[in-house]
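Enquirer: compute the structure for the input listed below.
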Amino acid sequence: VLCLLGPILVRELVHFAWVISDVMVILSFGQTGGAAGLVQSFHRVIATVFNAWMSLIVEAAVWSNSDSAARQRILSRLVSRVSLVMEVATGSLLLLDTMRKCADYSLIIPGSQRPPLIDVIKGIFCVRLYLNYLHLKMQKQS
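Expert: Now for the predicted structure:
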């Protein structure tokens, strides 16, 4: 399930983090003391943790020397790669399941039932469409 929903979840988590960051900046803009100071402190802590984490994933010099637009591009590429890995994992699971269905259908194993032919054909068709989608997506990213 994580492989299927993973690409969407990763994108939504990153989007949610950017929105929260923007809201925190807006809340603390032009205000001093009290709640604004607390929001600014919390934002600084979160930004420091996030920058340290991204410096571990991406080269520290690249991340620390980039402006906010470059950081968004770096983060976008990272999210895209993570999504692609999850999509390839999903395709692999579909392929393995279809191969198992084909083997169950074609081999006579004592004590097991053959899956219906329509299920095998559906599986092959589904895998073919999904692999074609991945191939086109990889060509598009190159």
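Enquirer: secondary structure element holding the residue of the chain most remote from its centre?
Expert: Most distant residue from the mean C-alpha position of the chain: residue 110, 41.8 Å away (C-alpha atoms, centre = their mean). Assigned by DSSP states H and E, residue 110 falls within no helix or strand.
Enquirer: so how far is residue 102 from it?
Expert: 19 Å (C-beta to C-beta, to the nearest Å). Quick note: C-beta positions are derived from backbone N, CA and C, even for glycine.
Enquirer: contact partners of stretch 127-134?
Expert: 87-88, 90-91, 94-95, 98 (C-beta atoms under 8 Å, 6 or more residues apart in numbering).
Enquirer: show me where pLDDT drops low in this structure?
Expert: Along the chain, the parts satisfying pLDDT under 70 run over 1-3, 30-36, 142.
Enquirer: phi and psi next, for residue 89.
Expert: phi -60, psi -40 (degrees, to the nearest 10).
Enquirer: rewinding a little: what about the residue farthest from the centre of the chain, distance to residue 101?
Expert: For residue 110, the distance to residue 101 - C-beta to C-beta - is 18 Å.
Enquirer: and if you look at residue 87?
Expert: With C-beta to C-beta as the criterion, residue 87 and residue 101 are 21 Å apart.
Enquirer: buried sites along stretch 124-132?
Expert: Using 16 or more other C-beta atoms under 10 Å as the test for burial, stretch 124-132 gives 127, 130.
Enquirer: helices along this protein, start to end?
Expert: 2-28, 34-57, 60-64, 68-106, 117-141 (DSSP state H).
Enquirer: isn't residue 123 up against residue 95?
Expert: No: look at residue 123 against residue 95 with C-beta atoms under 8 Å: they stay out of range, at 9.2 Å.
Enquirer: the more surrounded of the two?
Expert: It is residue 123, of residue 123 and residue 95, that has more neighbours when counted by other C-beta atoms under 10 Å, with 20 against 17.
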